[in-house]
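Asks: Give me coordinates for this.
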Amino acid sequence: METRLDYQKAFPEGVQGMLHLEAILRRSGLESSLYELVKIRASQLNGCAFCIDMHTKDARAKGETEQRIYALSAWHEGPFFTERERAALAWTEAITNIQNGHASEDVYAQARLQFSEEELVRLTFAITQINSWNRIAIAFRPEVGGYQPQAVTSSTAKG
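Replies: As a prediction, this is how the structure comes out:
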């Protein structure tokens, strides 16, 4: 697909605001691996090729296994995810797929067993953030495939 326009050039203040929230989320205490899984899963659900490309590359650069990345679209079936990750992925699906109904009490209760109030709010902000990025990328079609992750150091690998 052809890129429609350069949204970063057209609204740099908006992009900077999104990047500021992204930086806050990276320092929020959510595990980096969990955060990347959530970004990949939401991007899969939304069909955002640009974000899937970016976040699978970022996850691999941070040490995520290919097996878990490949199995993410069928996480319900595979044994590769912790209960905390499963709760986060279920919450991601509930918050992303709002056209299917609002987040159920069962999914919320599962998430609350694994996350404190503060963590669940941070996770919810992370989910809404990636959903916003997905919608921007889907709308303006940045080139897919050229993204390369930044070098991961021991300080960035922690989140």
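
Asks: quick one: least confident helix or strand in this protein?
Replies: For the chain, scoring each helix and strand by mean pLDDT, DSSP states H and E identifies helix 154-157 as the least confident one, at a mean of 40.

Asks: mind listing what's buried in the longest helix anywhere in the chain?
Replies: Ranked by number of residues, the top helix in the chain under DSSP state H is helix 117-140. Using 16 or more other Cβ atoms under 10 Å as the test for burial, helix 117-140 gives 119-120, 122-124, 126-127, 129-131, 133-134, 136-138. (Glycine included, C-beta is placed from N, CA and C.)

Asks: list the contacts for the spatially most central residue of the chain?
Replies: Nearest to the mean C-alpha position of the chain, by Cα atoms, centre = their mean, lies Lys39 at 1.2 Å. By Cβ atoms under 8 Å, 6 or more residues apart in numbering, the contact list for Lys39 reads 51, 55, 58, 126, 130.

Asks: what separates it from Gly63, distance-wise?
Replies: 15 Å (Cβ to Cβ, to the nearest Å).

Asks: Return the backbone torsion pair for the residue nearest to the centre of the chain.
Replies: phi -70, psi -40 (degrees, to the nearest 10).

Asks: any idea how far it lies from Gly101?
Replies: As judged by Cβ to Cβ, Lys39 and Gly101 stand 23 Å apart.

Asks: what do you get for Ala74?
Replies: Counting by Cβ to Cβ, the gap from Ala74 to Gly101 is 22 Å.

Asks: Check Gln148 too.
Replies: From Gln148 across to Gly101, the span is 38 Å (Cβ to Cβ).

Asks: Relative to Glu2, how far out is Ile52?
Replies: 19 Å.

Asks: Need the residues that contact stretch 16-27.
Replies: Applying Cβ under 8 Å, 6+ apart, the contact partners of stretch 16-27 are 32, 35, 122, 125-126, 129, 132-133, 136, 159.

Asks: So which of these sits lowest on pLDDT?
Replies: Of all those, Gly159 has the smallest pLDDT value, namely 40.

Asks: okay, now the nearest residue to Cys51 once chain neighbours are set aside: neighbour count?
Replies: Excluding its sequence neighbours, the residue lying closest to Cys51 (Cβ to Cβ, 6 or more residues apart in numbering) is Ser43, at 3.8 Å. The burial count assigned to Ser43 is 25, neighbours taken as other Cβ atoms under 10 Å.

Asks: dump the residue contacts of Ser43.
Replies: Contact analysis of Ser43 by Cβ under 8 Å, 6+ apart lists 51-52, 55, 130, 134.
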